[in-house]
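>>> Kindly return the folded structure for what I paste below:
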Amino acid sequence: MSAVFDTNPATAAPIEGYRPVAPVVERDGATAVVDADHVYYRELNEAIQQLVADGVRDLTIRGVNGQRYIGNGLTETDLRIRIQGVPGQDLGMFLGGPVIDVDTNAQDGVGNTMESGEICVHGSAGDVVGYGMRGGRILIRGDAGYRVGIHMKQYQNQLPEVIIGGKARDFFGEYMAGGRLVLLDLNSQLAGPALGNYTGTGMHGGEIFVRGTVDACLCGREVGVVPATPEQLETIRPLVTRYCEAFGADADGIMSQTFTRIAPVSSRPYGNLYCSM
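Residues are numbered from 1 along each chain as shown. Below is the predicted model:
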């Protein structure tokens, strides 16, 4: 049976086939396994929050099938969550320290407004990955959807980073204000160029690195599209190395190839549209 949820927050009641009861939990000290099969997202997340509050630091969640908000707001830096299945919207929203590992794909909003920690997706992810992300790291082995990195930002030593092994759709880095996006175009199931249209539209901070060359016609007017220098590539080497550790690739081989750097040409791309009093 596929996961079907009531998406209206005003009613938000379980659909037939999903149990409004607590999931089955197997626990051994600081380690626990949760069975999420046919468990509604509210009961699942309540169980997760309680286990973490009670000291669980190694948590496996089995049978995940579209339940949303998993890991939201957790701040325990020593917590690791392993998800078996496909989590729903807003995985790791407001995440502040834990590591979340997904063994297949993830839906939209991975790492929404994330503060710190790491989310590792061993398949592909949907739209708006890293929306408003302010710190931490997201690794995606395959492809990602539309508006990845929209409104990403950084403050002082908080540097959000997203690396995608495949391709991405339109509006990559839209209104990006800080951080790094890296697109490798290696493990893709999509046809065409690595990027969609309107890359960097409204971008006024941060930088984007794409393996290979990029046609400037795919990018917004607000950015410059140039070959990355060896010095600039060194700034992404640790992120590429971490990606290769997670998914089994050759970091030196990837880093020896040509990359394109996309960066804003102005910190106020729409300044001429406004007037001051």
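
>>> what's the helix or strand for residue 47?
helix 41-53 (DSSP states H and E).

>>> Show me what the next helix or strand after that helix is in contact with.
Using DSSP H and E, the next helix or strand after helix 41-53 towards the C-terminus is strand 58-65. Contacts to strand 58-65, defined as Cβ atoms under 8 Å, 6 or more residues apart in numbering, come from residues 2-3, 30-39, 44, 48, 51-52, 70, 79-87. From N, CA and C alone the C-beta is placed, and that goes for glycine too.

>>> Inside helices: which ones of these?
44, 48, 51-52 (DSSP state H).

>>> Is residue 27 located within a strand, as I assumed?
Yes. Per DSSP: H, G, I helix; E, B strand; the rest coil, residue 27 lies within a strand segment.

>>> ok, it - how many residues close by?
As a burial measure, residue 27 scores 14 neighbours (other Cβ atoms under 10 Å).

>>> Spatially nearest residue to it, not counting backbone neighbours?
Closest residue to residue 27 apart from its sequence neighbours, by Cβ to Cβ, 6 or more residues apart in numbering: residue 56 at 6.9 Å.

>>> for residue 241, helix, strand, or coil?
Residue 241 - assigned by three-state DSSP - is helix.

>>> Just the pLDDT for it.
For residue 241, the model assigns a pLDDT of 98.

>>> List the residues that contact it.
Residues counted as contacts of residue 241 (Cβ under 8 Å, 6+ apart) are residue 251.

>>> lowest confidence element among the helices and strands of the protein?
In the chain, no helix or strand scores lower on mean pLDDT, DSSP states H and E than strand 24-28, which sits at a mean of 93.

>>> If you count neighbours, what's buried in stretch 95-105?
Applying a neighbour-count criterion of 16 or more other Cβ atoms under 10 Å, one finds 95-102, 105 buried in stretch 95-105.

>>> With pLDDT and secondary structure added, can I get those in a markdown table?
Compiled in a markdown table, the buried residues of stretch 95-105 are given as follows (pLDDT from 0 to 100; DSSP: H, G, I helix; E, B strand; the rest coil):
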| residue | pLDDT | secondary structure |
| --- | --- | --- |
| 95 | 98 | coil |
| 96 | 97 | strand |
| 97 | 96 | strand |
| 98 | 98 | strand |
| 99 | 98 | strand |
| 100 | 98 | strand |
| 101 | 98 | strand |
| 102 | 98 | strand |
| 105 | 98 | coil |
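
>>> in stretch 251-264, what counts as buried?
Neighbour-count burial for stretch 251-264 [16+ other Cβ under 10 Å]: 251, 254-255, 259-264.

>>> Just the C-alphas of stretch 156-175, formatted as PDB.
Output of stretch 156-175 as PDB, limited to C-alpha atoms (Å, rounded to 0.1, in the frame of the first residue of the first chain):
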ATOM      1  CA  GLN A 156      30.100  34.500  10.200                       C
ATOM      2  CA  ASN A 157      31.500  31.000  10.500                       C
ATOM      3  CA  GLN A 158      28.200  29.200   9.600                       C
ATOM      4  CA  LEU A 159      28.600  28.000   6.000                       C
ATOM      5  CA  PRO A 160      25.800  25.900   4.600                       C
ATOM      6  CA  GLU A 161      26.800  23.400   1.900                       C
ATOM      7  CA  VAL A 162      24.900  21.200  -0.500                       C
ATOM      8  CA  ILE A 163      26.500  18.700  -2.900                       C
ATOM      9  CA  ILE A 164      24.500  16.800  -5.500                       C
ATOM     10  CA  GLY A 165      25.900  13.900  -7.400                       C
ATOM     11  CA  GLY A 166      23.500  14.100 -10.400                       C
ATOM     12  CA  LYS A 167      21.700  17.000 -12.000                       C
ATOM     13  CA  ALA A 168      19.300  19.700 -10.800                       C
ATOM     14  CA  ARG A 169      16.300  21.400 -12.300                       C
ATOM     15  CA  ASP A 170      15.400  25.100 -12.800                       C
ATOM     16  CA  PHE A 171      16.100  27.900 -10.400                       C
ATOM     17  CA  PHE A 172      19.200  26.300  -8.800                       C
ATOM     18  CA  GLY A 173      20.600  28.800  -6.300                       C
ATOM     19  CA  GLU A 174      17.600  31.200  -6.700                       C
ATOM     20  CA  TYR A 175      18.000  34.200  -4.400                       C
END
